[in-house]
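Trainee: below: sequence and its predicted model.
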Amino acid sequence: MQNVLMKHFLLMLAVTLLGSAAAIVVPFWGVMLYYGFATLRPQYLWEWSLSQSPQLRWSLTAGLVAVVATLVNLPTLLRTFRGNKVLVLMLIYAVLMLLSLLTAFNTQTAAYWVQEYGKVFLMALIATLVIQRFWQVRAMGVMIALCLGYIAYEVNFLYFIEGGRLDIFHHGYGGLDNNGAGALLVLGLPFAYFLANSPVGSWPTARRVFGILLGLGILHAVMMTYSRGAMVTAAFGLIWLMIHHRPRFQAAVVTVLLAGAVLMMAGTEIRDRFTSTADYENDPSALSRFDSWEAARDIALAHPLMGKGVRNSNYYSQNYGADRAGRTIHNQYLQIAADSGIPAAGVYVTMIGIGLFGLHRARRRCFKAEAAFQSGPEPTGPHSREALVARARDAGALCLGLQTSLLMFAFSGMFLSVELVEVPWLLIVLAGILPTAVTRRLEGLGLDNAGDEDEDTQPAPPKKFGPPVAPPADLPERVAA
């Protein structure tokens, strides 16, 4: 029994030591280690087992490793660092959080949440410094898929093997209730799609099957949460993926098969739970959320600049019409507006919007690069035409997966207040990094300007000053000579 209790501890210890050693040489592995623990949350996944082992704060340890590795390699990182608009907006948002702390009604509550924000922003800044290459963004996407897929495996194991246990519905996961757990799991679906559609690497058929099974497992785990918001978000994300999937005939076939799989996995109770979203007018839970949204709107309008203070709007929500005291707003954007002011909410929305738009443009670059590789001359470099097309298609699939996952978070944010969950912030960071990484990758494959024909990416024509100068009269003689 003691050996069973120790196996998870020894596994975590080995991963931590290996990641720490690798991080000193390549600081990316420290960031990977931290976000891997932040996504998997092993202290909740193996709570009983790890509680019987020597106590260690895994995420804090991984964070310290990432900080030390970044400081050791800081001169090199700064020489190759390229900022982006998402990072600038994130820093502005951090300043607005600090100002909201200074004007908060309850500074103790605000200070706790600002401290948590500080950890998120510190790791986001480190990630932006460290993650600079396409393969690193790709590795982070695979990590998200695998970690969330493993959580889904545990949820499904409890349900199918241990007598229909619905722990994720009754207790949530990782400090989140069932709605938050569903919103977290659903973010892994687009990255499972990426694994299934990436043509780069060995064993493509095996990876395709694995990605499909991983996605189905995550989807069934989302159903086990009985969270209507998560189910609607999953449907929204899958529809978005199928609309943008190519070829279209394949997307149509996958849609039909997926619809059949969902109907098979969803029992009567789950179907009733999902369809009850249409009858929101008679749903007390939905009505209470509408009341809290109206309360947040009124608080934000009454205190438009700084709000009531970070997570202070809960103290006032009942006074403005919420159904009970301390009611959380259950809307990411209204929560921020009521807590920290309308400007903070505007910066937050703009940050996500710019990230989504940048991914859209990066994906369009990949399409143009793929067409250029297919129709261009036979390459003379180390890669064949098929390999170049596959790499462009792989980059496009990653852009679509990341864009869809960020869109799903933005959509679910209308029903939840989960502004301090690490995975969405990682998505925002990666959305700022990936467009530049894609450009570097495509240019490294030999495509100038990454196949982008937008006006703002083309070199400006040379400026001419003064009237045109006539050529010398003896120019023909000079040429002849």
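Mentor: That came in fine, so what should we check first? Residues are numbered from 1 along each chain as shown.
Trainee: hey, let's count contacts and neighbours off CA atoms from now on
Mentor: OK.
Trainee: list the helices and strands the longest helix along the chain packs on?
Mentor: The longest helix of the chain (DSSP state H) is helix 342-375. Judged by 3 or more Cα pairs under 8 Å, 6 or more residues apart in numbering; DSSP states H and E, helix 342-375 is in contact with helix 85-102, helix 332-340, helix 385-412, helix 422-444.
Trainee: can you rerun that using 10 Å?
Mentor: Applying 3 or more Cα pairs under 10 Å, 6 or more residues apart in numbering; DSSP states H and E, we find helix 342-375 packed against helix 85-102, helix 284-302, helix 332-340, helix 385-412, helix 422-444.
Trainee: now the third one - C-alpha only, PDB.
Mentor: Output of helix 332-340 as PDB, limited to C-alpha atoms (Å, rounded to 0.1, in the frame of the first residue of the first chain):
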ATOM      1  CA  GLN A 332     -16.200  37.500 -16.800                       C
ATOM      2  CA  TYR A 333     -16.600  40.900 -18.500                       C
ATOM      3  CA  LEU A 334     -19.300  42.300 -16.200                       C
ATOM      4  CA  GLN A 335     -17.300  41.100 -13.200                       C
ATOM      5  CA  ILE A 336     -14.200  43.000 -14.300                       C
ATOM      6  CA  ALA A 337     -16.300  46.100 -15.100                       C
ATOM      7  CA  ALA A 338     -17.900  46.100 -11.700                       C
ATOM      8  CA  ASP A 339     -14.700  45.300  -9.900                       C
ATOM      9  CA  SER A 340     -12.100  47.400 -11.700                       C
END
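Trainee: and it with helix 342-375, angle?
Mentor: Counting by axes from the mean of the first three to the mean of the last three Cα atoms, to 10 degrees, helix 332-340 lies at 140 degrees to helix 342-375.
Trainee: tell me, how many residues neighbour the residue nearest to P435 when sequence neighbours are not counted?
Mentor: Leaving aside its sequence neighbours, P435 sits nearest to A362 (Cα to Cα, 6 or more residues apart in numbering; 5.1 Å). Neighbours of A362 under the rule other Cα atoms under 10 Å: 25.
Trainee: check contacts around A362.
Mentor: Applying Cα atoms under 10 Å, 6 or more residues apart in numbering to A362 gives the contacts 356, 368, 395-396, 398-400, 434-439, 450, 452.
Trainee: and it, how far from F236?
Mentor: For A362, the distance to F236 equals 22 Å [Cα to Cα, to the nearest Å].
Trainee: so which elements touch whatever helix or strand H220 lives in?
Mentor: Counting by DSSP states H and E, the element that carries H220 is helix 204-224. If you count contacts as 3+ Cα pairs under 10 Å, 6+ apart, helix 204-224 packs onto helix 134-160, helix 167-171, helix 178-186, helix 189-197, helix 228-244, helix 248-265, helix 268-275.
Trainee: format those helices as JSON lines; extra columns: mean neighbour count.
Mentor: Listed next are the helices and strands packed on helix 204-224 as JSON lines, based on neighbours: other Cα atoms under 10 Å:
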{"stretch": "helix 134-160", "mean neighbour count": "20"}
{"stretch": "helix 167-171", "mean neighbour count": "18"}
{"stretch": "helix 178-186", "mean neighbour count": "25"}
{"stretch": "helix 189-197", "mean neighbour count": "26"}
{"stretch": "helix 228-244", "mean neighbour count": "20"}
{"stretch": "helix 248-265", "mean neighbour count": "13"}
{"stretch": "helix 268-275", "mean neighbour count": "14"}
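Trainee: mean pLDDT lowest for which of these?
Mentor: When these are ranked by mean pLDDT, helix 268-275 comes last with a mean of 74.
Trainee: middle-most residue in the protein, spatially?
Mentor: L427 (2.3 Å; Cα atoms, centre = their mean).
Trainee: now that residue: closest residue in space, sequence neighbours ignored.
Mentor: Leaving out its chain neighbours, L427 is closest to L406 (Cα to Cα, 6+ apart), at 6.1 Å.
Trainee: who's in contact with the one you found?
Mentor: Here L406 is in contact with 187, 190, 237, 352-353, 355-356, 400, 412, 423-428, 430-431 (criterion: Cα under 10 Å, 6+ apart).
Trainee: hang on, isn't L176 packed against T225?
Mentor: No. If you go by Cα atoms under 10 Å, L176 and T225 don't touch, sitting 11.3 Å apart.
Trainee: what touches both of these two?
Mentor: By the contact definition Cα under 10 Å, 6+ apart, L176 and T225 are jointly contacted by I168, G182, A183.
Trainee: understood, closing this out.
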